[in-house]
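Visitor: Here is a sequence together with a model predicted from it:
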Amino acid sequence: MDTPLEFLNTLFARLNNKGIKYCILRNHEELPENIGNDVDIWVEKKDWGKFYHMVKEIANTLNYTLNYTLNYTPRLTVKGEGDYFLSKFTDSGLQIIHLDCWAHLHWKGICFIDENIIGKHLKWNEKGFYIPSSGIEAAINLLKDLIYHGKVKEKYKERIKEYALKDSSNFLECIQKPFGKKTSLFILVNAQQGNWQNLEKNYKKLRIILFLRSFLYPFSQLIKFFYYFRAQIRRFLINPHGLFIVLIGPDGAGKTTTANNLLNSEIKRLFQKKYYFHGHFPYLPEIKKIASIFKIKIGDINNSSNQDFSKPFGILRAMIYPIYYGFNYFLGHFFVWKEKARASLIIFDRYFYDYYIQKQFINCPKWLLRLIEKLIPRPDIIIYLKNKPEVIKSRKSELRVEEIKRQNLLCEKIIERNHKRSFLIETDSPETVLLNVQKIIIDKIKEKQK
């Protein structure tokens with residue numbers, strides 16, 4: 001057996017045998033056969049060290065690569081709580097298991113569920129694992145999205161209402177410490193009545209009450225604030241989980257196909273958000289739009305079939321484009337930094353390296369390109385998609401074989417110059433290319449984690 005089912009059954013059996021307090025917080029109805037997007041699991045704080053080593057040991061036994069991070073979403077424990085991404089390449093492709101593991105259910109370091117109550121009311125599920133009591137599950141499903149986003153998730157509404165009616169005592173008990181008796185009753189009554197609009201209208205007031213009441217426990221709250229801000233510092237300044245990937249190669253090499261396949265593949269589960277850019281960041285207007293104001297017609301440099309770009313530009317024009325769009329790339333620094341910290345995947349084709357490759361910029365001084373390259377966001381991974389000139393010619397008939405050979409040679413020089421983060425992939429088939437890019441991404445995450 002080589003499926004996520006084997007991993008989860010092994011994990012649940014070990015947790016049960018060791019007497020570790022845990023529960024699957026929500027979306028447990030189809031577990032362990034069907035994981036869905038992730039597995040939300042709560043483990044009592046004192047057992048986090050054991051849990052971490054247990055997951056690591058099972059991953060090694062079942063040949064999974066374990067990527068563990070505190071950066072995906074800030075956590076309040078030193079080690080153990082966080083996101084576990086277990087990956088394995090099987091005959092059917094890349095397989096990923098995401099464990100979203102919590103000791104404290106919090107908003108900006110302030111707990112909205114009393115975790116001490118969760119462990120007192122665990123229920124045994126006949127499939128071999130523990131779940132929270134109905135009331136506690138309803139409170140978690142309600143408050144996790146309400147406090148964070150000001151909305152109650154549609155798919156949970158009926159269950160929240162049903163469980164809040166069925167188990168009101170545990171619902172109240174797990175939120176009374178963070179919210180107080182009066183506010184807890186307000187939340188419970190509105191949940192039982194399905195009055196979601198009233199709850200969403202008052203979510204900011206609930207945040208304020210949560211914040212003010214946290215100072216009733218000053219010592220423990222200060223510790224939680226410390227861990228939260230430490231996690232934020234790690235997230236934004238120390239080895240963020242996100243990746244910035246650039247695809248290079250002549251037109252027809254398969255950059256767009258590879259980017260789209262990657263964004264729709266299993267690898268997307270390793271990232272919170274996905275971005276795909278073609279050419280440059282959308283901060284500055286296109287030069288052709290500026291030219292049109294002055295009634296000057298110029299073509300699109302991203303369209304290689306345009307006859308205006310079939311021969312090299314003069315030196316002045318060849319310098320204007322990289323300088324102008326180089327500033328546009330420079331403005332992308334904050335975006336790349338922010339999104340990598342948020343565990344996003346950023347994919348670019350036709351990045352700044354195109355100014356080295358495209359024929360129309362032959363006359364641009366190389367020192368200028370090198371200078372601008374040092375000032376713009378640096379990719380984590382550069383992938384050169386290589387194919388035979390004759391194959392590319394069949395896809396892009398407007399390019400001559402000699403021109404494709406010239407561009408291939410320049411792409412090779414780019415990856416030689418950036419050899420520590422560059423890779424060459426032969427584009428034999430889209431499936432093989434996708435598999436190889438996925439392996440590169442997994443290896444890069446492992447490398448960053450070390």
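Guide: Structure received.

Visitor: Report the residue spans of the chain with pLDDT below the cut-off.
Guide: 1-2, 69-80, 238-240, 294-310, 449-450 (pLDDT under 70).

Visitor: Pull out the buried residues from stretch 111-119.
Guide: 111-115, 117-119 (16 or more other C-beta atoms under 10 Å). C-betas here are computed from N, CA, C, even on glycine.

Visitor: for stretch 21-36, same thing?
Guide: Of the residues in stretch 21-36, those buried (16+ other C-beta under 10 Å) are 21-28, 31-32, 35.

Visitor: before we move on, what about stretch 88-101?
Guide: Those would be 88, 94-101, for stretch 88-101 by 16+ other C-beta under 10 Å.

Visitor: what two of those have the greatest distance between them?
Guide: Leu94 and Cys101 (21.6 Å; C-beta to C-beta).

Visitor: list the contacts for Asp380?
Guide: Applying C-beta atoms under 8 Å, 6 or more residues apart in numbering to Asp380 gives the contacts 243-245, 421, 444, 448.

Visitor: if we take those residues, which one ends up nearest to Tyr227?
Guide: Lys448 (22.0 Å).

Visitor: neighbours of Ile415, just the number please.
Guide: Using other C-beta atoms under 10 Å, Ile415 has 18 neighbouring residues.

Visitor: For beta bridges, what are the partners of the closest residue to Tyr68 other than its chain neighbours?
Guide: Leaving aside its chain neighbours, Tyr68 sits nearest to Tyr84 (5.4 Å; criterion: C-beta to C-beta, 6 or more residues apart in numbering). Taking DSSP bridges as the rule, Tyr84 bridges to Tyr68, Leu99.

Visitor: Would you confirm that Tyr84 contacts His98?
Guide: Yes. With contact defined as C-beta atoms under 8 Å, Tyr84 reaches His98; the gap is 7.2 Å.

Visitor: quick check, Asn27 in a helix?
Guide: No. Secondary structure of Asn27 (DSSP: H, G, I helix; E, B strand; the rest coil): coil, not part of a helix.

Visitor: Spell out the secondary structure type for the nearest residue to it once chain neighbours are set aside.
Guide: Excluding its sequence neighbours, the residue lying closest to Asn27 (C-beta to C-beta, 6+ apart) is Gly36, at 5.9 Å. Here Gly36 is recorded as coil under three-state DSSP.

Visitor: picking up where we left off before, out of the contacts of Asp380, list just those in strands.
Guide: 243-245 (DSSP state E).

Visitor: From one end of stretch 9-29 to the other, what's the distance?
Guide: Stretch 9-29 stretches 15 Å from its first residue to its last (C-alpha to C-alpha, to the nearest Å).

Visitor: Could you export the host helix or strand of Pro178 as PDB, CA atoms only?
Guide: Assigned by DSSP states H and E, Pro178 belongs to helix 168-179. The C-alpha coordinates for helix 168-179 follow below in PDB (Å, rounded to 0.1, in the frame of the first residue of the first chain):
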ATOM      1  CA  SER A 168     -24.300  24.200  23.700                       C
ATOM      2  CA  SER A 169     -22.600  23.500  27.100                       C
ATOM      3  CA  ASN A 170     -19.200  22.600  25.500                       C
ATOM      4  CA  PHE A 171     -19.600  25.400  22.900                       C
ATOM      5  CA  LEU A 172     -19.900  27.900  25.700                       C
ATOM      6  CA  GLU A 173     -17.200  26.300  27.900                       C
ATOM      7  CA  CYS A 174     -14.400  26.500  25.200                       C
ATOM      8  CA  ILE A 175     -15.000  30.200  24.400                       C
ATOM      9  CA  GLN A 176     -16.000  31.700  27.800                       C
ATOM     10  CA  LYS A 177     -12.400  32.300  28.900                       C
ATOM     11  CA  PRO A 178     -11.400  34.300  25.700                       C
ATOM     12  CA  PHE A 179     -14.700  36.200  25.200                       C
END
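
Visitor: which of the residues in it are buried?
Guide: Per 16+ other C-beta under 10 Å, helix 168-179 contains these buried residues: 168, 170-179.

Visitor: Name the next helix or strand downstream of that helix, please.
Guide: Next along from helix 168-179, by DSSP H and E: helix 181-193.

Visitor: What is that next one packed up against?
Guide: helix 134-149, helix 157-166, helix 168-179, helix 196-201, helix 203-214 (3 or more C-beta pairs under 8 Å, 6 or more residues apart in numbering; DSSP states H and E).

Visitor: Setting aside sequence neighbours, what's the nearest residue to Glu173?
Guide: Ile117 (5.3 Å).

Visitor: swap in Glu115?
Guide: Glu115 sits nearest to His104 (C-beta to C-beta, 6+ apart), 5.8 Å away.

Visitor: right, and Glu137 touches Lys123 too?
Guide: No. Under the contact definition of C-beta under 8 Å, Glu137 does not touch Lys123, with a separation of 9.1 Å.

Visitor: what's around Asn60, how many residues?
Guide: 11.

Visitor: which SSE is it in?
Guide: Secondary structure (DSSP H and E) places Asn60 in helix 48-61.

Visitor: can you give me the helices in the stretch 351-450 of the chain?
Guide: 354-357, 366-375, 389-395, 401-417, 430-449 (DSSP state H, counting those that start in this stretch).

Visitor: Lys50 is nearest to which of the ones you listed?
Guide: helix 430-449 (20.9 Å).

Visitor: roughly how far apart are the residue nearest to Glu173 and Asp349?
Guide: 51 Å (C-beta to C-beta, to the nearest Å).

Visitor: Tell me how many other residues crowd Lys182.
Guide: When neighbours are counted by other C-beta under 10 Å, Lys182 comes out with 9.

Visitor: Kindly provide the distance from it to Gln95.
Guide: 48 Å.

Visitor: Once you drop chain neighbours, what's closest to Leu5?
Guide: Pro32 (5.3 Å).

Visitor: swap that for Phe229, please
Guide: Gly109 (7.4 Å).

Visitor: May I have the phi/psi pair for the one you found?
Guide: phi 90, psi 0 (degrees, to the nearest 10).
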